[in-house]
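> Got a sequence here, can you build the structure:
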Amino acid sequence: MTRHLQREVSRLKKQVRKLGKVVQENLDDAIKSVRDRDPKLAEEVIQKDQEIDQMEVDTEEECLKLLALYQPVAVDLRFIIAALKMNNDLERIGDLALNIAKQAKQIASGRKLNPPFDVDEMTTKVQSMVAESMASMVNMDATQARRVMLEDEPIDRMHREMYEKVEKLLGKRPKYADIYIRYLSVSRYLERIADHATNIAEDVIYLVEGEITRHGGGDLNEEGENGAEK
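All right, here's what the predicted structure looks like:
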């Protein structure tokens, strides 16, 4: 039975990696559709979300099947639990990419206006977090996962700054309110994606070390070690 389980776990790993790859690609396209004001690309992102949803359902069913059939323990059990959590976070990132694409379509149809925040800086950071969180899973690298976690607070700060800028702009230029609010929504979705990338990184640490870092389990210093409590 152990040999069969190992084969199934290996297949599950490939399944999660494939889902991560598709989600990353859709997120990249959603971000590009905002940058380029490209409604056609945004629509492609929206249509692809159904594929992501189905992959998420298939992966969850596979995890539950392995738990029921093999009653795994130790490392295998940790991986399947982590895979269930990652699966959910990846699907949520897919949903948020969908939301970004919907905003991109509306932004493209309105009057052209420079975004009230540095789209390139924030999107690049968020894309990097998602890519690094998936790479840490593939590499089973807890150190890499901790680096991802360190990037979450800067994204939170950028979103707070974005909110403050929009609040001021709404007072000065109310006729552009609809566009500013849409860009604010994009910023909020990016901030949430960063949170899900952090969740994946935390699951990698749990998978590799058996340590639960969620819900105030410890902050991180620049060296990626456990530091002061949150």
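> Please state the offset of the helix or strand where Arg7 lies from the chain centre?
Per DSSP states H and E: Arg7 is located in helix 2-35. Computed by C-alpha atoms, centre = their mean, to the nearest Å, the chain-centroid distance of helix 2-35 equals 12 Å.
> before we move on, what about stretch 120-140?
Chain-centre distance of stretch 120-140: 8 Å, with C-alpha atoms, centre = their mean.
> Can you point out the buried residues in that stretch?
Applying a neighbour-count criterion of 16 or more other C-beta atoms under 10 Å, the buried positions in stretch 120-140 are 122-123, 125-127, 129-134, 136-137. In short, each C-beta sits where N, CA and C put it, glycine included.
> And these, which is closest to Lys65?
For the buried residues of stretch 120-140, the minimum distance to Lys65 (C-beta to C-beta) is 20.6 Å, reached by Met137.
> quick one: the nearest residue to the closest one once chain neighbours are set aside and Arg78, what's the gap?
In this structure, Met137 finds its nearest non-sequential neighbour in Val204, 5.2 Å apart by C-beta to C-beta, 6 or more residues apart in numbering. Using C-beta to C-beta, to the nearest Å, Val204 is found at 11 Å from Arg78.
> For the two, indicate the residue with more neighbours.
Between Val204 and Arg78, counted using other C-beta atoms under 10 Å, the more crowded position is Val204 (28 against 17).
> element containing that one, please.
Val204 belongs to helix 177-209, assigned by DSSP H and E.
> Show me what counts as buried in that helix.
Buried positions in helix 177-209, judged by neighbour count with 16+ other C-beta under 10 Å: 179-180, 182-208.
> any idea of the angle it forms with helix 2-35?
Between helix 177-209 and helix 2-35, the angle comes out at 160 degrees (axes from the mean of the first three to the mean of the last three C-alpha atoms, to 10 degrees).
> Can you pick out the ones from the buried residues of stretch 120-140 that are in helices?
If you go by DSSP state H, the buried residues of stretch 120-140 have 122-123, 125-127, 129-134, 136-137 in helices.
> got TSV for those, with distance to Asp95 and pLDDT too?
Below are those laid out as TSV (distance: C-beta to C-beta, whole Å; pLDDT from 0 to 100):
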residue	distance to Asp95	pLDDT
Met122	19	93
Thr123	17	93
Lys125	20	96
Val126	15	97
Gln127	17	95
Met129	17	97
Val130	14	96
Ala131	19	95
Glu132	21	96
Ser133	17	96
Met134	17	93
Ser136	22	94
Met137	20	90
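> Have a look at this structure and report its longest helix.
For the chain, the longest helix by residue count, based on DSSP H, is helix 74-109.
> circling back: packing partners of the helix holding Val204?
Helix 177-209 is packed against helix 74-109, helix 119-139, helix 142-150, helix 152-172, with contacts defined by 3 or more C-beta pairs under 8 Å, 6 or more residues apart in numbering; DSSP states H and E.
> As TSV, those with distance to Ala30 would be great.
Converted to TSV, the helices and strands packed on helix 177-209 look like this (distance: least, C-beta to C-beta, whole Å):
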stretch	distance to Ala30
helix 74-109	4
helix 119-139	9
helix 142-150	20
helix 152-172	16
